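Chemist: Provided below are the primary sequence and the corresponding predicted coordinates.
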Amino acid sequence: MNRTNDGIGGAYGAQGSYGVHGAPLGANLLALRSHNTALVLDLLRTAGAEGISRLELAERTGLTPQAVSKITARLRADGLAAEAGRRASTGGKPRTVLRLVPEAGHAVGVHLDRDEMRAVLVDLDGAVVDLRRAPLDLGAGEEAVLARVAGVVEALRVPGADGTGRGGRAPLGVGVALPGPLDHEKGVLHRVTGFPEWDGFPLRDALARRLGVPVVVDKDTNAAALGLAVGGEGGSFAYLHLGTGLGAGLVMGGSVYRGARTGAGEFGHQVVQLDGRPCTCGARGCVEVLCLDAVARGDVAEAARVLGAGAANLVGLLDIDLVLLGGRTVAAAPEAFVRGVGAVLAARARREGGGDGVVPVRVAPGGVQGVAEGAAQLVLAPLFGRGDA
């Protein structure tokens, strides 16, 4: 497949091309991730349907007009860019403007929870074109879980496509998000809370072999946080996910913070009650077990208060600008959680040096499928120059 430093080869693997472990290659990701190409693709995406001229692309990227012409020619040849009309020029002939073709490529995002999975198929703009939900027993064993994931992913379809569901094209890749801890860089699971049998399992490589496309694995909270950052949430914020477990995704200065060993964000297992009830992680009095116990007995106000105590610790430690709440449990009573967490933060975690000092709390956009959409961004974000993915 043809590759250059400034362009891309095929947007998708040619018929008969093979990628990792001999599996059919879904996309020439190495070529698509060319730094200069990513700059151009990102500007095309942000320009939207109105498009952007080659001259503007050169001015905003700092590339030469010749380099921009080379990149855009390849993008057009691969169907990723198209003309969006002409724009009046200050001198000379009108400029041709280009736009991204969102339907030219798709990515899959999968959220594996302890008892269910959600999968979405998104276009290059991140818009969901198909979604599936299915029950899942994360403790059923690797073969059963892999078969379940593969079946749901392969059932995703682009509306109006041919029998393959995607016009004969494989997705660019599959992003998988699930509870941690795990090694994001190697795609290997560690002792997933409540499911120690997954410790050391190479989920990324196992799924890549089965699906035949590149796979990226990350924690559910990190994936959701990435999706929020790509979607426009700026600054430094914490995404707190309360579902069957509790965790945090941290965005610092616009980038997802994973830590030196990709283990950051194990928010639910901070101990807030030394003699508290035993948690599935082995400790006692963790925020997660106290919060979920309150939910189980129907005391949402207490659950929100406990969650707020953990959030206040996090805000005090990291001086973040915003707390976003998500997950199935939050979705069942969003106003109560925002009110309860907000009250604790107002009392315990006021910022200094600007504004009224109150750290805002709100429900994260995206709803219950926000993690799955963020998982798809694990594949898409690097194509547009988001290296934190």
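Modeler: Happy to help now that I have it.

Chemist: separation between residue 251 and residue 364?
Modeler: 12 Å (CB to CB, to the nearest Å). Every residue, glycine included, has its C-beta placed from N, CA and C.

Chemist: anything in contact with each of those two?
Modeler: 228, 239 (CB atoms under 8 Å, 6 or more residues apart in numbering).

Chemist: ok, those two, which is more surrounded?
Modeler: More neighbours surround residue 364 than the other of residue 251 and residue 364, with 28 against 25 (other CB atoms under 10 Å).

Chemist: need the contact list for that one.
Modeler: Contacts of residue 364 by CB under 8 Å, 6+ apart are 224, 228, 239, 324-326, 370.

Chemist: how about a cut-off of 10 Å?
Modeler: Neighbouring residues of residue 364 by CB atoms under 10 Å, 6 or more residues apart in numbering: 224-225, 227-228, 231, 233, 237, 239-241, 249, 322-327, 330-331, 334, 370-371, 374.

Chemist: what does residue 180 give?
Modeler: 189-193, 218-222, 245, 247, 258, 262-266.

Chemist: quick check: which element contains it?
Modeler: According to DSSP states H and E, residue 180 maps onto no helix or strand at all.

Chemist: following the chain onward from whichever helix in the chain runs longest, which element is next?
Modeler: As assigned by DSSP state H, the longest helix anywhere in the chain is helix 300-318. Of the helices and strands lying after helix 300-318 in sequence (DSSP H and E), the nearest is strand 322-326.

Chemist: helices and strands around that next one, which ones?
Modeler: helix 220-230, strand 237-242, strand 246-252, helix 300-318, helix 334-348, strand 361-363, helix 370-380 (3 or more CB pairs under 10 Å, 6 or more residues apart in numbering; DSSP states H and E).

Chemist: swap the cut-off to 7 Å and go again
Modeler: strand 237-242, helix 334-348, strand 361-363 (3 or more CB pairs under 7 Å, 6 or more residues apart in numbering; DSSP states H and E).

Chemist: quick one: buried residues of whichever helix or strand comes after that strand?
Modeler: Per DSSP H and E, the first helix or strand lying C-terminal to strand 322-326 is helix 328-332. Using 16 or more other CB atoms under 10 Å as the test for burial, helix 328-332 gives 329-331.

Chemist: same check, this time on stretch 234-254
Modeler: 236-251.

Chemist: what's the answer for stretch 116-126, then?
Modeler: So stretch 116-126, judged by 16+ other CB under 10 Å, has buried residues 116-124, 126.

Chemist: what's the farthest-apart pair in these?
Modeler: The most widely separated members of the buried residues of stretch 116-126, counting by CB to CB, are 116 and 124 (27.4 Å).

Chemist: center of the chain - which residue?
Modeler: residue 374 (2.4 Å; CA atoms, centre = their mean).

Chemist: got the contact list for that one?
Modeler: 109, 177, 223-224, 226-227 (CB atoms under 7 Å, 6 or more residues apart in numbering).

Chemist: tell me the spacing between it and residue 267.
Modeler: On the measure of CB to CB, residue 374 and residue 267 end up 16 Å apart.

Chemist: so where's the chain uncertain?
Modeler: 1-33, 88-92, 160-168, 350-356, 387-389 (pLDDT under 70).

Chemist: show me where it has its helices.
Modeler: 29-32, 35-47, 54-61, 65-77, 142-155, 203-211, 220-230, 287-296, 300-318, 328-332, 334-348, 370-380.

Chemist: can you say which of the ones you listed is nearest to residue 132?
Modeler: Judging the helices of the chain by CB to CB, what sits closest to residue 132 is helix 142-155, at 5.0 Å.
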